[in-house]
Structures are given as C-alpha cells and as structure tokens.
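Enquirer: need a structure here:
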Amino acid sequence: MQVEQFTLSPATRLPRIWVGLWQLSSNAWGSAPAQRVRDAMTTHMEKGYIAFADHYGPAEVLFGQFIRNLPADIPRPFGATKWCVFAPMEVTYERVQAAVDERRARMNTQRLDLLQFFWQDYRDRSYITAIEHLLKLRSIGKIRNLGLCNFDTARTEEICVTFGRGSIVSNQVQFSIIDVRPLHGMNDLCQRYGFKVLAYGVLCGGLLTDRWLGKPEPELYSGQLNPSQRKYLDVILKAWGTWDLFQRLLRLLRDIADRHGGVSIANIAVRWVLEHQFVGAAILGARLGLSDNSDDNAMVFTFSLTERDKADIEVILAQSRSRNMIMSIGDCGAEYRAA
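Expert: Residues are numbered from 1 along each chain as shown. The predicted structure follows:
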C-alpha cells in the first residue's frame, strides 16, 4: 500500500503520517523493553512510516540507538525533535548551540533532520534572537530543517516576516475535528509563507476511535483514561460540547467509515485533517512495543472524503462550540502558556 507523501522542504519528501514518540515519556501509557521499541520502529519503517517525532522521556536516545544499529544499506529514518524553553534565559549563541549539540548527540546524528522550537513566555521577545541563532546553526549544517512548536498565529507571522519565506518549514500544533483553531489564521500563514502544519491531537488521545462509540461518559480520574485522554476529554466537555454530542459525532464518523468500505473511525478523523492542504502530516502517538496500529493507519490512504462526508461533519460541528475555541482556549498553543 502506497503511503502518501508531502514536501517539507525542497529536498525533503516525507510520509503524511509520522510516528509520535511522546508515549515513551511515562508508564501511564504502558512500557516495553528498549529492544521491543526498536523492533517496532523497524516494523514501521518497513511499512513506509519513516518519520519519527518528539523528544519526551528517552525518545531521542532510543531513536539514536535505533539508527546506530541499522545496517549500512538501510536508508536512515527521519527524526524530528524539539527544543523547548520554559524558563527565562539569556539567549546567547553558545547556549543555543549547546542545546542543538545535546540533541545531536542523543540522536546520534551530525545534523538534526528537524528541530522544532517552543518558547513559553511571549513577553520575553528573546525568541527572535533564538531563531536567529538557530538559523545560523542551520547554515553551518547542524540543523537540516527548522520548525516551530505551538506558536500562535501572531508570533509565527512575526518570525516569517522577520526572517523571510523558508526560514521555517513547519509549526507543530493541535488540530482535529474537535480542535479547529488552525483554521483561524494559521492556515492562511502556511499558504503565504510556504510552511506546513504538523498536526497532533488528531485522534484526541484515542477518543476519536471506535473504542469509545456507544460508551458512557468516563470520569476524568477513574483510571479508564491515559494522560492524553484526560486532557482531550476536558477539552471536549469544557470547550467543545457535551459527551452526548461527541457520541453523535462518533456515530456519524462510523457511518462515513462504512460508506468507505468499513474503514475505522480513526481513519476518517485522520483523513479529515489531511485533506486540509496546509497540513503536511498527522503525528499519531504510538505505543511502540505494546500495540501496533500501523496497518489500520495505512487505510487512511485508500480513500478520500466526499463532499457529502464533509457536509455531514459540518452539521455536527455547527452544533458544537468548535468555532469559539479560538476565543475560549486561545490561539494555537495558548493552553501551554499562562494567561
């Protein structure tokens, strides 16, 4: 089965589904021995999923060990990581270089395939200086592609205007049938400045799947939910709508899935995201070594949504508060910053 690809940068073609590694950060998602994790990476690569993303827990180190042990004749996978600045710091070239070099060492690479930059406090505009230094490090070959993570529309535009088209290749933000905030400006920036959204939260931690169809509303701390599901359940109930409306959405997605030969609810949710042209890829969290959804994920590339499918989804979304989430939560990434 052919995996769809997109152009991240002129010399970089990648699959439109990436393997998200954030579930390696905590036993709350389960844990597997490192060798089983690396074996699962091999399985994904054999099926065309050659892009891996995130830096939480041991993700960078496990990725570095994985590529170190690959046979010489096997093409190297693509590894995306992050540099996140949460506390005030004096931004110097030496400190930025040290952060990049640390990630290069962990990932066993001379050049980072994609470094995604997050800056928490916009009141401190040193993020502009940090970007300037990161671009210098890109120019000397320590970074192949530079992207952002959870930057809002205003600051993303500021960076694009300051450093020009091509300075960044991506912004990793939350985007799903539930959370449509990137449709309120980020989509237009992508077209104007030539970068792509890398979407996470596409399945709301697994809530947008067949498993939850027909199920009663779970209690937030009942033990039924992993950390991601608690986060997205809170969004659904407080910012989007009600559990009953969410069940109606799942029922509709199941009906649409049946129209396309019985694919999964998850397939429809991912396809909906990917059919927005400003989206490069969906990053789907994987429980490597514990479960494998790679074959089901591949079904995303066997169909396209019809106009009827999209219109039916819009009927449900019109009954939700999805269009107001840009105000109630804030722009992309606002949930990770103090008001």
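
Enquirer: For the stretch 201-339 of the chain, give me the ranges with low pLDDT.
Expert: Scanning the stretch 201-339 of the chain for pLDDT under 70 picks out 289, 338-339.

Enquirer: now the helices for it?
Expert: 227-235, 243-259, 265-274, 294-298, 307-318, 325-328 (DSSP state H, counting those that start in this stretch).

Enquirer: for those helices, which one ends up most surrounded?
Expert: Greatest average neighbour count among these goes to helix 265-274 (a mean of 24), per mean count of other C-beta atoms under 10 Å. To be clear about C-beta, it is placed using only N, CA and C from the backbone, and glycine gets the same treatment.

Enquirer: What helices and strands are in contact with that helix?
Expert: helix 243-259, strand 279-285, helix 294-298, helix 307-318 (3 or more C-beta pairs under 8 Å, 6 or more residues apart in numbering; DSSP states H and E).

Enquirer: okay, now the residue nearest to residue 234 when sequence neighbours are not counted: neighbour count?
Expert: The shortest distance from residue 234 to any residue other than its chain neighbours is 6.9 Å, reached at residue 220 (C-beta to C-beta, 6 or more residues apart in numbering). Counted with other C-beta atoms under 10 Å, residues neighbouring residue 220 total 13.

Enquirer: Tell me which residues touch residue 220, please.
Expert: Residues near residue 220 by C-beta atoms under 8 Å, 6 or more residues apart in numbering: 230, 233-234.

Enquirer: what are the phi and psi angles of it?
Expert: Here is the backbone geometry of residue 220 (degrees, to the nearest 10): phi -60, psi -40.

Enquirer: Isn't residue 81 up against residue 118?
Expert: No. In this structure, residue 81 is not within contact of residue 118 by C-beta atoms under 8 Å, at 11.3 Å.

Enquirer: Which one's more surrounded, the two?
Expert: residue 81 (24 against 17).

Enquirer: Where does that one sit: helix, strand or coil?
Expert: Using DSSP: H, G, I helix; E, B strand; the rest coil, the structure places residue 81 in strand.

Enquirer: ok, it to residue 149 distance?
Expert: Applying C-beta to C-beta, to the nearest Å, the value for residue 81 to residue 149 is 10 Å.

Enquirer: Common neighbours of these two, please.
Expert: Common neighbours of residue 81 and residue 149 (C-beta under 8 Å, 6+ apart) are residue 116.

Enquirer: What are the boundaries of the helices in the stretch 1-150 of the chain?
Expert: Taking DSSP H, counting those that start in this stretch as the test, the helices found in the stretch 1-150 of the chain are 34-46, 59-68, 93-106, 126-139.

Enquirer: show me what contacts residue 87?
Expert: residue 120.

Enquirer: Tell me the confidence at it?
Expert: We have a pLDDT of 92 for residue 87.

Enquirer: Give me the most central residue, the chain.
Expert: residue 200 (2.9 Å; C-alpha atoms, centre = their mean).

Enquirer: How about that one, nearest residue that isn't a chain neighbour?
Expert: residue 283 (4.7 Å).

Enquirer: So that neighbour versus residue 191, what's the distance?
Expert: Counting by C-beta to C-beta - residue 283 and residue 191 are separated by 21 Å.

Enquirer: neighbour-wise, which of these two wins?
Expert: Taking neighbours as other C-beta under 10 Å, residue 283 and residue 191 compare with residue 283 leading, 23 against 10.

Enquirer: ok, back up a step: want to try CSV for the helices and strands packed on helix 265-274, with distance to residue 195 as columns?
Expert: Compiled in CSV, the helices and strands packed on helix 265-274 are given as follows (distance: least, C-beta to C-beta, whole Å):
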stretch, distance to residue 195
helix 243-259, 29
strand 279-285, 8
helix 294-298, 24
helix 307-318, 25
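
Enquirer: what's the residue nearest to residue 200 in contact with, if anything?
Expert: The contact partners of residue 283, taken as C-beta under 8 Å, 6+ apart, are 17-20, 53-54, 172, 198-200, 202.

Enquirer: Scan those residues and report the most crowded one.
Expert: Taking other C-beta under 10 Å as the neighbour criterion, residue 172 ranks highest of those with 30 neighbours.

Enquirer: That residue sits in which helix or strand?
Expert: strand 170-174 (DSSP states H and E).

Enquirer: and the angle for that strand with strand 279-285?
Expert: Strand 170-174 runs at 50 degrees relative to strand 279-285, counting by axes from the mean of the first three to the mean of the last three C-alpha atoms, to 10 degrees.

Enquirer: partner strands of strand 170-174, parallel or antiparallel?
Expert: The strands beside strand 170-174 in its sheet (DSSP bridges) come out as strand 146-149 (parallel), strand 196-200 (parallel).

Enquirer: Which SSE is immediately downstream of it?
Expert: Toward the C-terminus, strand 170-174 is succeeded by helix 186-193 as the next helix or strand (DSSP H and E).
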